[in-house]
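Colleague: fold the following and give me the result.
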Amino acid sequence: MNRNRKFFHAGLLATSLMFIVLSSCQRSEEADLSQLASSKQGVKTITLYSWDEYFSEDLFDEFEERYGIAIDYQKYLNTDEVFQNLRSKGGAYDVIVLDDASMKRAKAMRLLRPLEHDKIPNIKNIDPEFVEKAVYDPGLRYSVPYMWGTTLLAYRTDLVENIEHSWKVLFDPAYAGKISLLDERMECFATALRVLGHNMNSGIEKELEDAKTKLVELVRDQKARLGSDNEMKRHLKDGESLIAMMYSGDAALIAEDNPIGFFIPEEGATRWTDSFAISRDSQAVEEAHLFIDFMADAKVAAQSSNELWYATPNLAAYNDSALNEELRNDETIYPTSDVMNRCEFLVDGDKKRIRTLNSGWDTVQSFRTDDTSSPGDAADEIITSPVAESLEDDE
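Modeller: Residues are numbered from 1 along each chain as shown. A predicted model of the protein is given here:
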């Protein structure tokens, strides 16, 4: 302002002209920004709720460019968090990604909306084997498979020699304080049950109690860490842990640039399928169907698998030339039939088993010393609600 006064007499005309030009430009820019804001407000957005780092951002951009629908990618740390949030604010989410056991539970709690298959024509691309084995959702009434894999053990090859290919290695005192476990109650109980020589889906109360004691020993006495899938990767890469429970695709990805090996233990492993579903209270049902159909396209599914290094349940994608040949031939991602015969899907079981798991997991959690924790009692209350206890199938 002072400088304008100093040159007022000498530059009155120039200043006036400049003001007119600038004002005109400003109005033009404001009009452009207003138009842009209006355009952005007109873009429909759907909220995707899933594990972190489980999607290709390039595919989000492609979807928005093709359909004018943006993706709001919300992440969760564990499945307990999912149920807590779906129960309290289900309308905030549209498309959800859940594993098979959680899918069955969400159906029982009536948190999902039945799919309209005529709006997902690419569902035909799903391998018939995954349709037949979808005991968690017969006929895929509520879900469309996205990725599949196993839960295995990964370790630092530069710091661990001659590792025993067994879940028992987690309980070796030599690795006390250097073990990380996924913060997932069913995965952890399945591991303890295997170590004890029991079926990983056992519903026998004495066996579940023994498994709880084994997990308490691991967390309380051997200071095992509990964490998310991303924390498992960080713990190994940073050397905080020498051995970690990990999902197959995560292990394969970090092994590319780090001294990390991984294996399916001799006792077998958890096999899982992660699938898309639509929240019961979704406010963008049409758009949610469109997104699921887009992700089930053969080339899109192949691109997702290539980037994440997870196995695809999409048969058209598996047979498509776009799928990385190295990935297709990777036996850690697509295990041999002999290895797969030792892998099982997690099963919730009856309500008595669920209560026992919940109670046991609360005990295990009470001894953890890491910084993060599960939703705890709030999640357990949801899981054992009257609706969940019915465990009805809506077939």
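Colleague: which residue, other than its chain neighbours, is closest to Gly97?
Modeller: No, residue 97 isn't Gly; it's Val. Closest residue in space to Val97, ignoring its immediate chain neighbours: Ser50 at 3.8 Å, by Cβ to Cβ, 6 or more residues apart in numbering. C-betas here are computed from N, CA, C, even on glycine.
Colleague: ramachandran angles for the residue nearest the centre of the chain?
Modeller: By Cα atoms, centre = their mean, the chain has its centre lying nearest to Trp51, at 2.7 Å. Main-chain torsions, Trp51, degrees, to the nearest 10: phi -60, psi 160.
Colleague: I figured it hits Met232, correct?
Modeller: No - in this structure Trp51 lies outside contact range of Met232 using Cβ atoms under 8 Å: 11.7 Å.
Colleague: where does pLDDT dip in this protein?
Modeller: 1-43, 371-395 (pLDDT under 70).
Colleague: how does it divide into domains?
Modeller: Following the assignment in automatic domain parsing, the chain carries domains at 2-41, 44-148+277-334+377-390, 150-270.
Colleague: so which of these comes closest to Gly360?
Modeller: Gly360 sits nearest to domain 150-270 of all the domains of the chain, at 3.6 Å, using Cβ to Cβ.
Colleague: ok, the residue nearest to Val97 touching Asp99?
Modeller: No - counting by Cβ under 8 Å, Ser50 does not reach Asp99; the two are 10.9 Å apart.
Colleague: of these two, who's got more company?
Modeller: Asp99 (26 against 20; other Cβ atoms under 10 Å).
Colleague: excluding its backbone neighbours, what's nearest the more buried one?
Modeller: Closest to Asp99 by Cβ to Cβ, 6+ apart is Trp272, at 4.8 Å.
Colleague: that neighbour contacts Thr151, doesn't it?
Modeller: Yes - using Cβ under 8 Å, Trp272 is in contact with Thr151, at 6.9 Å.
Colleague: helices along the stretch 251-395 of the chain, start to end?
Modeller: 285-295, 298-308, 315-318, 325-328, 337-340, 351-365, 377-383, 386-390 (DSSP state H, counting those that start in this stretch).
Colleague: how about those helices, which one is nearest Tyr175?
Modeller: helix 351-365 (18.2 Å).
Colleague: among the helices of the stretch 251-395 of the chain, which is nearest Asp183?
Modeller: Counting by Cβ to Cβ, Asp183 lies closest to helix 351-365 out of the helices of the stretch 251-395 of the chain; the figure is 8.8 Å.
Colleague: and the closest one, what does it pack onto?
Modeller: Packing contacts for helix 351-365, counted by 3 or more Cβ pairs under 8 Å, 6 or more residues apart in numbering; DSSP states H and E, involve helix 185-195, helix 205-216, helix 377-383, helix 386-390.
Colleague: so who does the residue nearest to Asp99 touch?
Modeller: Asp99, Asp100, Ala101, Trp148, Gly149, Thr150, Thr151, Phe345, Leu346 (Cβ atoms under 8 Å, 6 or more residues apart in numbering).
Colleague: list the buried residues of stretch 122-131.
Modeller: Asn122, Ile123, Asn125, Ile126, Asp127, Phe130 (16 or more other Cβ atoms under 10 Å).
Colleague: the fifth one contacts Ala317, correct?
Modeller: What that stands for is Asp127. No - taking contacts as Cβ under 8 Å, Asp127 lies outside contact range of Ala317: 9.4 Å.
Colleague: so which of the helices of the stretch 251-395 of the chain gets nearest Gly197?
Modeller: Using Cβ to Cβ, the nearest of the helices of the stretch 251-395 of the chain to Gly197 is helix 351-365, at 18.1 Å.
Colleague: tell me how far the closest one is from the chain's mean position?
Modeller: Computed by Cα atoms, centre = their mean, to the nearest Å, the chain-centroid distance of helix 351-365 equals 22 Å.
Colleague: CA-only coordinates of that helix in PDB, if you can.
Modeller: Taking Å, rounded to 0.1, in the frame of the first residue of the first chain, the C-alpha atoms of helix 351-365 are listed here in PDB:
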ATOM      1  CA  LYS A 351     -21.500 -69.800  19.700                       C
ATOM      2  CA  LYS A 352     -19.900 -71.700  22.600                       C
ATOM      3  CA  ARG A 353     -16.600 -71.800  20.700                       C
ATOM      4  CA  ILE A 354     -16.900 -68.100  19.800                       C
ATOM      5  CA  ARG A 355     -17.400 -67.200  23.500                       C
ATOM      6  CA  THR A 356     -14.400 -69.300  24.500                       C
ATOM      7  CA  LEU A 357     -12.200 -67.700  21.800                       C
ATOM      8  CA  ASN A 358     -13.300 -64.200  22.900                       C
ATOM      9  CA  SER A 359     -12.600 -64.900  26.500                       C
ATOM     10  CA  GLY A 360      -9.300 -66.500  25.800                       C
ATOM     11  CA  TRP A 361      -8.200 -63.600  23.500                       C
ATOM     12  CA  ASP A 362      -9.100 -61.000  26.200                       C
ATOM     13  CA  THR A 363      -6.700 -62.900  28.500                       C
ATOM     14  CA  VAL A 364      -3.900 -63.000  25.900                       C
ATOM     15  CA  GLN A 365      -4.400 -59.300  25.100                       C
END
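Colleague: tell me what angle that helix forms with helix 185-195.
Modeller: 90 degrees (axes from the mean of the first three to the mean of the last three Cα atoms, to 10 degrees).
Colleague: what angle separates helix 351-365 from helix 205-216?
Modeller: Using the same axes, to 10 degrees: helix 351-365 against helix 205-216 is 20 degrees.
Colleague: now helix 351-365: buried residues?
Modeller: In helix 351-365, counting by 16+ other Cβ under 10 Å, buried: Lys351, Arg353, Ile354, Thr356, Leu357, Asn358, Gly360, Trp361, Asp362, Val364, Gln365.
Colleague: wait, isn't Glu240 in contact with Leu159?
Modeller: No - counting by Cβ under 8 Å, Glu240 does not reach Leu159; the two are 11.5 Å apart.
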